[in-house]
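S.K.: turn this into a model:
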Amino acid sequence: MSEGTSNIVYAIIALLSLMISVWKGMAFRRDPTPTLALTAVNFACSAATFAMASPNGYRAVGDVAGEPSFATLPVYLGIIVCFFQHAHPDPPVGSTPPAGCPDSSPQGSRMDRHVRLGRGLDDHLLLHG
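M.R.: As a prediction, the model looks like this:
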């Protein structure tokens with residue numbers, strides 16, 4: 001892939017991430033929850049990381065720092081930060097969500113539904129796979 005094409009692809013991904021971050025930030029203003037805040041920050045971090053990881057962004061960060069390979073550090077740190085923002089623990093299976101939470105339905109928590117769906121898929125694959 002040419003450098004120009006890479007710059008365009010990275011810019012599109014960074015722009016999409018930034019748009020999602022702004023969208024989730026606006027939702028956070030209406031309904032301030034930790035999940036929305038974390039999601040908005042995660043997508044903003046992703047946008048910055050993709051912008052820095054593009055060939056032009058990488059070169060610009062290296063020029064500002066005075067060391068061409070310096071851009072590797074903020075890019076890798078951005079990847080690690082984005083990864084660990086997703087690594088928060090899920091609530092225990094069968095736990096009761098707080099009152100007012102959309103998952104406080106009598107059918108069980110969202111995690112319970114995912115576990116049931118996962119088991120059903122595993123059983124289907126074992127029987128028909």
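
S.K.: any weak-confidence spans in the protein?
M.R.: 85-129 (pLDDT under 70).

S.K.: in it, which spans are helices?
M.R.: For the chain, the helices defined by DSSP state H occupy 3-30, 34-53, 55-65, 72-86, 110-128.

S.K.: can you lay out those as CSV showing mean neighbour count?
M.R.: All C-beta atoms are positioned from the backbone trio N, CA, C, and that covers glycine. Shown next, in CSV, are the helices of the chain (neighbours: other CB atoms under 10 Å):
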stretch, mean neighbour count
helix 3-30, 14
helix 34-53, 19
helix 55-65, 15
helix 72-86, 14
helix 110-128, 11
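
S.K.: what about Cys82, distance to Ala47?
M.R.: 10 Å (CB to CB, to the nearest Å).

S.K.: which residues are common contacts for those two?
M.R.: Common neighbours of Cys82 and Ala47 are not found (criterion: CB atoms under 8 Å, 6 or more residues apart in numbering).

S.K.: and Gly57, what does it touch?
M.R.: Each residue near Gly57 by CB under 8 Å, 6+ apart is listed here: 10, 51, 71.

S.K.: then Ile20?
M.R.: For Ile20, the contacting residues are Phe43, by CB under 8 Å, 6+ apart.

S.K.: could you measure it against Ala47, distance?
M.R.: In this view, Ile20 and Ala47 are 8 Å apart by CB to CB.
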